[in-house]
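# Structure, please.
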Amino acid sequence: MNTNFVQTKEKPILTIIRWLGTLVSLGVMVYLLSKVGWKQALDSFGQIPWWTFVIFLIFGLGSRISTFARWHSLLRASGELIDPKDSLKLTFAGLFSSNVLPSTIGGDVFRLAGAIRIGISASLAAASLVVDRLVGMTGMFLALPLALKFLPFLREASSLPAMGLAVGTGVFSKFFAWLRRNINNTLQSLTKWLRQPTSLAKALGFTIIHQAFTYIIIKVFVTSMGEDIPILTIAGIWSLIYFITLLPVSINGLGLQEISVTNLFSTLGGISIETSIALAIFLRILWMLVSLPGAFFIGDILAGKQPTKQGEHDTMPLEELPK
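Okay, the predicted model is just below:
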C-alpha cells in the first residue's frame, strides 16, 4: 500500500518551502513581540496563579490521552489486539516528534514505524492513521460553523505572510492533489471502519473530548489574564487555526500557529494583543511539556528495536519505512 502521507522524505522544493515558511512566521512573531514589548508579554504570565498551571498540565495531558484513546479505539475496531500500553507509547512518541523535534518528519511517521515494529501490518497501520486524521478533522469541521460569523472579516484579512507564501507557491493545489491521491490509495483499507459506524462515532467522541480540553485551557488562560471570551467563540477561532496550520508551509506549524493565535484571537476574539501573544507562547510551551513523555519511547522506534511481541513483520528502522 502507498503510504506517502507519512513518508520520511519529501521533494527538496517542499522542504525549502517549509523552512522558509517557518523562518518567515517566526520573523513575524518576533516583530509582533518587539512591537508589544518582550518584557510586557512575558510579565503577563505573572498574573496567573501558580495552581492554575497545574490545572493546565492536567487538562493538557487529558487532551493528549484523548488522542491516544481515539487511535487505540480505531485499531481495536479493526480487529487488531494491540496492548493499550503500546498504542499509548506510540501516540506520545508521535506527539513528541510533532511538538518538540524541529523536524519535517511528522508524528505519523513515528506512529507508523512503531506500529509495524510491534507486528501490525503496514497497510492497516497506515489506514488507521488516515482514519485517525480524518476523525480529528471531522471534529474540527463540526466547530467550523461557529466561525462563519467571521467570514466577512476573513475575506479582507488574507495578507498574513505565511498565507501569502502558501498562495504564491501553489501549496493549496499541492495539498488537494495530495489529498486526492491518498484517499484513492487508502480507500480499500478504510472500508473496514466504514462498515463499523459505531467505532467511528466512538473515535469522534474522543476527539470532541480532546477539543473540549483545548477550549477550556484557552478559556481559563484568558480569564486568568483578566479578560473574557465566550467558549463557542474559542471553538470557532481554534477550528480556523487548526486548518491554517495544516498548510505545509512551516515545520510542524512552528511560527504559523503562533501568528494565527495572535492575530485571530485579538482581531476576532476581541482580546488584547498582549494576551493573544502570551496565549500563543503559552500554548506552544504547554503542548511541548505534555508531549515530553514521548521522549522515552522515540529512541526504540528510531533504532527499530525488537518488539515485545512478534508479528508478521520484521523489525524495521525508521529510514526503511515503505514509501
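
# Tell me how many other residues surround S73.
19 (other C-beta atoms under 10 Å). (Glycine included, C-beta is placed from N, CA and C.)

# Buried residues in the helix or strand harbouring it, which are they?
In the assignment (DSSP states H and E), S73 maps to helix 50-77. Buried residues in helix 50-77, counted by 16 or more other C-beta atoms under 10 Å: 53, 56, 59-77.

# average model confidence for it?
Mean pLDDT, computed over helix 50-77, is 92.

# Give the next helix or strand downstream of it.
Next helix or strand after helix 50-77 toward the C-terminus (DSSP H and E): helix 84-99.

# Remind me what that next one packs against, helices and strands.
Helices and strands touching helix 84-99, by 3 or more C-beta pairs under 8 Å, 6 or more residues apart in numbering; DSSP states H and E, are helix 50-77, helix 107-117, helix 273-291, helix 295-303.

# ok and it relative to helix 107-117, angle-wise?
Angle of helix 84-99 versus helix 107-117, following axes from the mean of the first three to the mean of the last three C-alpha atoms, to 10 degrees, is 150 degrees.

# Let's see helix 84-99 as CSV, backbone CA atoms only.
Output of helix 84-99 as CSV, limited to C-alpha atoms (Å, rounded to 0.1, in the frame of the first residue of the first chain):
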residue,chain,number,x,y,z
PRO,A,84,-3.0,-0.1,25.2
LYS,A,85,0.4,0.5,26.6
ASP,A,86,1.9,0.1,23.2
SER,A,87,-0.5,2.4,21.4
LEU,A,88,-0.1,4.9,24.3
LYS,A,89,3.7,4.9,23.8
LEU,A,90,3.4,5.3,20.1
THR,A,91,0.9,8.2,20.4
PHE,A,92,3.3,10.1,22.8
ALA,A,93,6.3,9.3,20.5
GLY,A,94,4.3,10.9,17.6
LEU,A,95,3.3,13.9,19.8
PHE,A,96,6.9,14.4,20.9
SER,A,97,8.1,14.4,17.3
SER,A,98,5.3,16.9,16.2
ASN,A,99,5.6,19.3,19.1
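
# before we move on, back to that, for the helices and strands packed on helix 84-99, could you give me TSV that also reports distance to D132?
Shown next, in TSV, are the helices and strands packed on helix 84-99 (distance: least, C-beta to C-beta, whole Å):
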stretch	distance to D132
helix 50-77	5
helix 107-117	8
helix 273-291	17
helix 295-303	17
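
# quick one: contacts for M225?
44, 47-48, 271, 275, 278-279 (C-beta atoms under 8 Å, 6 or more residues apart in numbering).

# distance of it from T262?
Distance, M225 to T262, by C-beta to C-beta, to the nearest Å: 14 Å.

# can you give me the strands for the stretch 101-250 of the chain?
Listed in chain order, the stretch 101-250 of the chain contains no strands at all (DSSP state E, counting those that start in this stretch).

# can you pull out the helices in it?
107-117, 122-143, 151-156, 161-168, 171-194, 197-224, 231-245 (DSSP state H, counting those that start in this stretch).

# What residues sit buried inside stretch 237-245?
Applying a neighbour-count criterion of 16+ other C-beta under 10 Å, the buried positions in stretch 237-245 are 237-242, 244-245.

# and those as CSV, adding distance to G255 and pLDDT?
Shown next, in CSV, are the buried residues of stretch 237-245 (distance: C-beta to C-beta, whole Å; pLDDT from 0 to 100):
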residue, distance to G255, pLDDT
I237, 18, 94
W238, 18, 95
S239, 20, 93
L240, 17, 91
I241, 13, 92
Y242, 16, 90
I244, 12, 85
T245, 10, 83
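
# didn't L112 look like it was pressed against A127?
No. Using C-beta atoms under 8 Å, L112 is not in contact with A127; the gap is 10.5 Å.

# Between these two, point out the one with more neighbours.
Neighbour count, other C-beta under 10 Å: between L112 and A127, L112 has more, with 29 against 24.

# quick revisit: widest-spaced pair of the buried residues of stretch 237-245?
Farthest apart among these by C-beta to C-beta are I237 and T245. That separation is 12.6 Å.

# so who does the residue nearest to I48 when sequence neighbours are not counted touch?
Leaving aside its chain neighbours, I48 sits nearest to S224 (4.4 Å; criterion: C-beta to C-beta, 6 or more residues apart in numbering). By C-beta under 8 Å, 6+ apart, the contact list for S224 reads 47-49, 52.

# Got a quick ChimeraX command for the buried subset of the contacts of M225?
Buried members of these, defined by 16+ other C-beta under 10 Å, are picked up in ChimeraX with:
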select :44,48,271,275,278,279
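
# closest to Q196 among the contacts of M225?
Each of the contacts of M225 was scored against Q196 by C-beta to C-beta, and L279 proved nearest at 38.5 Å.

# The closest one touches F265, doesn't it?
Yes. Contact between L279 and F265 holds when scored by C-beta under 8 Å: they sit 6.2 Å apart.

# coming back round to it: closest one of the buried residues of stretch 237-245 to P84?
Distance to P84 across the buried residues of stretch 237-245 (C-beta to C-beta) is lowest for Y242, with 26.6 Å.

# Run through the residues that contact the closest one.
M140.
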